[in-house]
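Asker: Quick check, what structure comes out for this input:
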Amino acid sequence: MNDRYDAGYGDDQENQYVLVGYDDYGRPVYQQAPPQQAPQQQYDPYAQQGYGYDPYATGTQNPVPTYDPYGTGQQAPVPPYDPYANGAQQGGGSAPAHDPYGRAAASGQQPRVAEQTTYIPQQGTRGEGTQPTTQAGQGYAGDTQAGQGFRPVAEEDRPGADGPGAEPADGDERQYHTAQFAFIEEPDGDSEDVIDWLNFTENRTERREEAKRRARSRLVALVVVLALVAAGGVGYLWHAGKLPGLSTPDSKRGTTIAASAQNRDVIVVHLHNTAKGGTSTALLVDNTTTKQGTTVLIPNALTLTADDGSTTTLAKSVDDDGSSGTLDSLNTVLGTDIQGTWRLDTPYLQNLVDLVGNIDVDTDTAVPDPAAKKKGEAPLVNKGKSQTLSGKMAVAYATYRASGEAQNAQLERFGQVMQSVLRKLSSDPKAATTTVQTLAQILDPPLTDSDLGAFLAKLADLAKGGDYKTALLPVQQDGTLSAEASASVVKDVLGGKAKSPDKDAAVSVSVQNATGAKDNTEKARVILLNGGFTFVDGGTPAATRVTSQVVYADASDKANATEVAKTLGLSTSTVKKGTIASSANVSVILGQDYKPDSST
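Answerer: Residues are numbered from 1 along each chain as shown. Model (predicted):
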């Protein structure tokens, strides 16, 4: 290695460094070299022209011409070039402190020792270059990594004391002097860290308290919101009369609306049993004022007035007068306004139940399978809570009437099936209309598919919300409406006024059942009512008899007695004049020869 180290300054004599030794880590230590004194040479601006210049080192030089810029013919010697001529040589003053070209030595002056700078090149970790120190007679090691300070250069690393490689003094590996160190104040982050930590602890306590205050505020706000929502919900349920145990009728809430002033939409439904015969009738009522839906079951024994003024029963009216005649008769008796008639034959009921996806019914009896070939086979419908019924099972349950049962028992089963169907039907008018159209049945005018679909959708919504009930219209044995019916059903549910036909206009018939079969009384009653007669229950004799007997007391009632015998399917030979214990016009004693119609 050269003894000189050029730190990138070219021929600048003022910035030349020489190797003076190595530090404890084996790194070279450089020191600025003292200026060299070069012999003075005369400046030859025309050296490139060959004047006084020996490019081939022959030892001979061309003579230097004299300089005569004004052409006077006089030649003066060219003085040597001295850029500092205005210094010591010309002005006679002292030489400048810095003489890199050694003029002071030529003039006999002692040159001043230049400020020495020790340079230790080191490899930086972040790509920084090395920098020399500005401390006189001492240096520093470059910053080799982040966070490290400056390293002072030991005395033995400097020439001028013991020189490079000098041995340490006895008893000490190295001797250092305070002049050898340069202390540089480094930023101390500990004090700022302490301040930051104090601020952090103080702020953390404040933040905790603030977080607790915000949490309490949010909790209070949440409780207030929940209380308002609960109060609003309870108020709505109370106002709508849906609050269990606390619901108040409109009359107690100050919003009394007379039953007759309430708006109702009513449609009559006739279920026709196409397999066994017979009909079942119900009114579907939508009270848009009270938001209440009801199925009103009407017994077939209800006495109606026919178009010709004669009395008849509901069952006979459906068979004889059809939809329009029966609708008008019901409006007259009940004081209602029925908008349409829906004839629902049992095959359509079966399809309807299948379309809504079966129904769940709390059945009150087991229904045998009509297709069973032997007795004792498993029933088609089981008795129990929440029995799932298909279309076929629903039809069997809705039309089933056990031996000796009144027609009202079968009618109530029909009402259960209708309410269960409404709970499964869609509440959307369009979807409900699609279901009705899928049945592909022909409706009696003026009822249309869209009207029936929209009406059933409203009832379905009420049934799903628990605002639906089923009520039986009480009818007396003579087919007239009782006072209870007028108050609880006709007035409150239908908003009408009962008007039964005049009982004096019809022939009253007293019936005693001596056949030994209890249900023959009910069958005879239905037959007589359908025939336009008024039925009076004469009770059951203690002994049975084989032959039936029809008795009249007044000769004027002979024709009526003969008509009664024909109506019951008895021979006219059973009619005779006699004594009647009751106030009826005709008295009938049924014997074992009485064979009622199975469809009754």
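
Asker: Could you list the domains of the chain?
Answerer: 188-256, 264-504, 507-590 (automatic domain parsing).

Asker: Output stretch 280-295 as CSV, nothing but the C-alphas.
Answerer: Written as CSV, here are the backbone C-alpha positions of stretch 280-295 (Å, rounded to 0.1, in the frame of the first residue of the first chain):
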residue,chain,number,x,y,z
SER,A,280,-122.9,-27.5,5.6
THR,A,281,-123.2,-23.7,5.7
ALA,A,282,-121.0,-21.1,7.3
LEU,A,283,-120.6,-17.3,7.1
LEU,A,284,-117.0,-15.9,6.8
VAL,A,285,-117.0,-12.5,8.4
ASP,A,286,-114.2,-9.8,8.2
ASN,A,287,-114.9,-6.9,10.6
THR,A,288,-112.7,-4.2,9.2
THR,A,289,-113.5,-1.9,12.1
THR,A,290,-112.4,-4.1,15.0
LYS,A,291,-109.9,-6.1,12.9
GLN,A,292,-111.6,-9.4,13.9
GLY,A,293,-112.4,-12.4,11.7
THR,A,294,-115.1,-14.9,12.5
THR,A,295,-116.6,-18.1,11.1
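
Asker: before we move on, the earlier item: arrange the domains of the chain in TSV, one row each, with mean neighbour count, mean pLDDT and distance to residue 24 as further columns.
Answerer: (C-beta placed from N, C-alpha, C; glycine too.) Compiled in TSV, those are given as follows (neighbours: other Cβ atoms under 10 Å; pLDDT from 0 to 100; distance: least, Cβ to Cβ, whole Å):
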stretch	mean neighbour count	mean pLDDT	distance to residue 24
domain 188-256	11	69	27
domain 264-504	18	90	94
domain 507-590	19	87	128
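
Asker: Present those domains as TSV; the columns should include distance to residue 26.
Answerer: Listed next are these as TSV, based on distance: least, Cβ to Cβ, whole Å:
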stretch	distance to residue 26
domain 188-256	32
domain 264-504	93
domain 507-590	127
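
Asker: Which among those is found nearest to residue 17?
Answerer: domain 188-256 (34.0 Å; Cβ to Cβ).

Asker: about what we covered before: quick one: closest of the domains of the chain to residue 31.
Answerer: Evaluated over these, closeness to residue 31 peaks at domain 188-256, with 32.9 Å, by Cβ to Cβ.

Asker: Show me what stretch 300-311 is in contact with.
Answerer: For stretch 300-311, contacts defined as Cβ atoms under 8 Å, 6 or more residues apart in numbering pick out 279-281, 312-315, 317, 321, 325-326, 328-330, 332-333, 407, 473, 475, 477-481, 500-501, 505-506, 525-526, 529-530, 532, 534-535.

Asker: try stretch 567-581
Answerer: For stretch 567-581, the surrounding residues in contact (Cβ under 8 Å, 6+ apart) are 510, 524, 527-528, 531, 533, 547-553, 555, 558, 561-562, 565-566, 586-588, 590, 593-597.

Asker: I'd like to know which of those residues are part of strands.
Answerer: 510, 549, 550, 551, 552, 586, 587, 588, 590 (DSSP state E).

Asker: you'd agree the fourth one is up against residue 582?
Answerer: Just to be clear, that refers to residue 551. No - using Cβ atoms under 8 Å, residue 551 is not in contact with residue 582, being 10.7 Å away.

Asker: From the ones in strands among the contacts of stretch 567-581, pick the one nearest residue 399.
Answerer: Distances from residue 399 to these, taken by Cβ to Cβ, are shortest for residue 590, at 25.8 Å.

Asker: how near is that closest one to residue 583?
Answerer: Residue 590 is 20 Å from residue 583, where distance means Cβ to Cβ, to the nearest Å.

Asker: mind listing the helices for the stretch 201-350 of the chain?
Answerer: 314-320, 322-334, 346-356 (DSSP state H, counting those that start in this stretch).

Asker: Residue 233: which of the ones you listed is closest?
Answerer: helix 346-356 (30.9 Å).

Asker: What helices and strands are in contact with the closest one?
Answerer: strand 264-272, helix 391-399, helix 407-424, helix 429-439 (3 or more Cβ pairs under 8 Å, 6 or more residues apart in numbering; DSSP states H and E).

Asker: what's the angle between whichever helix or strand comes after that helix and helix 391-399?
Answerer: The element immediately downstream of helix 346-356 (helix or strand, assigned by DSSP states H and E) is strand 359-363. Here strand 359-363 runs at an angle of 40 degrees relative to helix 391-399 (axes from the mean of the first three to the mean of the last three Cα atoms, to 10 degrees).

Asker: Quick check: neighbours of strand 359-363 in the sheet, parallel or antiparallel?
Answerer: strand 384-389 (antiparallel) (DSSP bridges).

Asker: could you give the angle of the partner strand to helix 346-356?
Answerer: 100 degrees.

Asker: got the CA coordinates for strand 384-389 in PDB?
Answerer: Taking C-alpha atoms only, strand 384-389 is exported to PDB below (Å, rounded to 0.1, in the frame of the first residue of the first chain):
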ATOM      1  CA  GLY A 384    -105.900 -35.800  19.500                       C
ATOM      2  CA  LYS A 385    -104.100 -32.500  19.500                       C
ATOM      3  CA  SER A 386    -102.500 -31.000  16.400                       C
ATOM      4  CA  GLN A 387    -103.300 -33.800  14.100                       C
ATOM      5  CA  THR A 388    -101.900 -33.200  10.600                       C
ATOM      6  CA  LEU A 389    -104.600 -33.800   8.000                       C
END
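
Asker: Cheers, nothing more for now.
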